[in-house]
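Have a look at this fold, sequence not included:
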């Protein structure tokens, strides 16, 4: 009887640990997978036949239609360059160069995937509307208050996620992944 009870306990423990690890991996992704450029992370294989089972499960769970090599690449950032979580109560400055792309979009989301609520109807910044200076890096300000230049309005409190989608780029291809170019740095400014 004791042997049966020990065997059932071991099986239950194994099932709980195995299912818990699988749930965590689907929710958070494999730590070593994907393409990391600074604080930005992307999953280039997510819309291809090369996607691992965890990426496929995460895509099915989120309900998103992933970008493939021919479409582009979507990067997300949850922290600034100092490793602090992005907070809607703070202002941020993004600066840097983007790889060659046909179109890019920058949007702020809640961690659950919903868009940040703003009084403005335009909650994204796109390359079509961005102001660029010749010979200068792209700069974008995230703030509750209007700013000159490229400004993305953020409102509310709590953490948020930035998504930088690069359309029609070679950055996600296996050849380009070996030597990725830099993306926008994220620096926290004033909070409150």
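Perfect, I can see it now. Nothing here was measured: the structure is a model prediction, and the numbers come from that model.

Verify the stated contact: residue 181 with residue 99.
Yes: using CB atoms under 8 Å, residue 181 is in contact with residue 99, at 4.7 Å. (Glycine included, C-beta is placed from N, CA and C.)

who's more crowded, the two?
Using other CB atoms under 10 Å as the criterion, residue 181 and residue 99 rank with residue 99 on top: 16 against 13.

Angles on the backbone of the more buried one, please.
In terms of degrees, to the nearest 10, the main-chain angles of residue 99 are phi -70, psi 170.

Contact partners for it?
For residue 99, the contacting residues are 166, 169, 170, 171, 180, 181, 183, by CB atoms under 8 Å, 6 or more residues apart in numbering.

any idea what the closest residue in space to the second one that isn't next to it in sequence is structurally, helix, strand or coil?
Using CB to CB, 6 or more residues apart in numbering and skipping residues adjacent in sequence, the residue nearest residue 169 is residue 101, 4.4 Å away. Taking DSSP: H, G, I helix; E, B strand; the rest coil as the rule, one finds residue 101 in the coil state.

just to revisit the earlier point, ChimeraX command to pick out the buried ones of the contacts of residue 99?
To isolate the buried subset of these in ChimeraX, counting by 16 or more other CB atoms under 10 Å, use the following:
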select :166,169,171,180,183
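
Could I get the contacts of residue 99 in JSON lines, plus columns for distance to residue 3, pLDDT and secondary structure?
Shown next, in JSON lines, are these (distance: CB to CB, whole Å; pLDDT from 0 to 100; DSSP: H, G, I helix; E, B strand; the rest coil):
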{"residue": "166", "distance to residue 3": "58", "pLDDT": "88", "secondary structure": "strand"}
{"residue": "169", "distance to residue 3": "60", "pLDDT": "79", "secondary structure": "coil"}
{"residue": "170", "distance to residue 3": "60", "pLDDT": "73", "secondary structure": "coil"}
{"residue": "171", "distance to residue 3": "57", "pLDDT": "74", "secondary structure": "coil"}
{"residue": "180", "distance to residue 3": "55", "pLDDT": "68", "secondary structure": "coil"}
{"residue": "181", "distance to residue 3": "60", "pLDDT": "70", "secondary structure": "coil"}
{"residue": "183", "distance to residue 3": "57", "pLDDT": "86", "secondary structure": "coil"}
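
biggest separation within the contacts of residue 99, which pair?
170 and 183 (14.5 Å; CB to CB).

about what we covered before: save the contacts of residue 99 as a markdown table, and put in distance to residue 125 too.
Conversion of the contacts of residue 99 to a markdown table gives the following (distance: CB to CB, whole Å):
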| residue | distance to residue 125 |
| --- | --- |
| 166 | 13 |
| 169 | 17 |
| 170 | 23 |
| 171 | 19 |
| 180 | 22 |
| 181 | 20 |
| 183 | 15 |
